[in-house]
Structures are given as structure tokens and as C-alpha cells.
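Trainee: build the 3D model from these lines:
(one chain, ligands or ions: 2)
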Amino acid sequence: MPLLEWRDEYRTGIRGVDYEHEELIARINAVYALVEAAAERDEVIDGLGEIYGSIAAHFALEEQMMRRYEYPEYDAHRADHERLLDEIRDISDAYEQNVLTDRQAFECRLRDWFQNHFSTHDARLHRMSGMREHDPVSDSTLRGMIQNAKYRLLNRRR
Ligand SMILES: [Fe+2]
Ligand SMILES: [Fe+2]
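Mentor: Ligands and ions are numbered 1, 2, ... in the order given. Okay, here's the model as predicted:
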């Protein structure tokens, strides 16, 4: 069973954001499947880097959009992004140090962020009418951003 499932209530009505959310869910499920299958350690670490990169890239795009439309709740939304990224770094560290042995903790944490952040901070974005037409960036731009963020995470301890 996938870890996260797309739900209609996640839809913000902003094309770019909805597209990235669906992609994120797919990427997270793919990496989670590796964890469940007890894949090679390096493969899982690389996958956690991929999750971090995908989320960091998505947050950066959302923040860019909020600044462009002078979104009034920018600071609070951004603070929640920072908190989520810190948690992913913690999960990644815990896995590398063999502390992450509890599968349920991993599951709960990932689910929680998504359910809470999507349904509160992200759901409010559609109130800004200008944002609704916001288009997704190209796949190659997104891929480049993901790779950069992933690289920063995986190389920070080396
Ligand atoms: Fe967000
Ligand atoms: Fe989002």
C-alpha cells in the first residue's frame, strides 16, 4: 500500500501547486517502497535525498509564487516549510545513524506533514485570485532544482 494517497481535498485549485503535490506524493511513495522492501542502505539514503530535494524544490517554488503575489501569510507559511525540511533532515540523519528503526514513526511523520500542511497552509493559497493561474515550471527546471537540493543534503556531512 502506498504511504500517501492523493485526495481531492488536497486540491488547491492552483495548477502549478497541484501538479507538484501529485508529483511529490508519487516520489515519496516510490522511496517509501524502497524502505519497505528493505532495499540497500545506499539506495535508501539516496532516496531520502530525493525526497528532501523534491520537497525543497517545491517549497522554493511556492515561496517564489507567494512573494510574487505578495501573499499576506507568507512568513507563517514559509516557517512551516522550514520546520518540515528540518524534520526531513532529521529523518535522513536518523536513518544514516541507524536510529530510525521504527517504521511507524517514519510513516506517521511523513503522513502528518502532508495532511497538515496541505490542508491548512497550502489550501489557503487559492484565496489569492492571481495565484490560481500559476503554471507549473518545466520538468527540466524542477529536476534541476531537485538535484541541487538533494546534492546539498547528501554532501553536507562529507
Ligand atoms: Fe506550502
Ligand atoms: Fe505545497
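
Trainee: pLDDT value on the closest residue to residue 9 other than its chain neighbours, please?
Mentor: Nearest residue to residue 9, sequence neighbours excluded (C-beta to C-beta, 6 or more residues apart in numbering): residue 119, at 6.4 Å. Where C-beta positions appear, they are placed from N, C-alpha and C, glycine not excepted. Residue 119 carries a pLDDT score of 84 in this model.

Trainee: helix/strand/coil for residue 119?
Mentor: Recorded secondary structure, residue 119: helix (DSSP: H, G, I helix; E, B strand; the rest coil).

Trainee: now the phi/psi pair for the nearest residue to residue 65 once chain neighbours are set aside, please.
Mentor: Nearest residue to residue 65, sequence neighbours excluded (C-beta to C-beta, 6+ apart): residue 134, at 5.4 Å. Here is the backbone geometry of residue 134 (degrees, to the nearest 10): phi -60, psi 120.

Trainee: could you check how far residue 134 is from ligand 1?
Mentor: The gap separating residue 134 from ligand 1 is 13 Å, by C-beta to the ion, to the nearest Å.

Trainee: isn't that residue up against residue 14?
Mentor: Yes - counting by C-beta atoms under 8 Å, residue 134 touches residue 14, with 5.1 Å between them.

Trainee: neighbouring contacts of the host helix or strand of residue 83?
Mentor: If you go by DSSP states H and E, residue 83 is part of helix 74-96. Residues outside helix 74-96 that contact it (C-beta atoms under 8 Å, 6 or more residues apart in numbering) are 44-45, 48-49, 51-52, 55-56, 59, 62-63, 66-67, 71, 100, 106, 109, 113, 117, 121, 153, 157.
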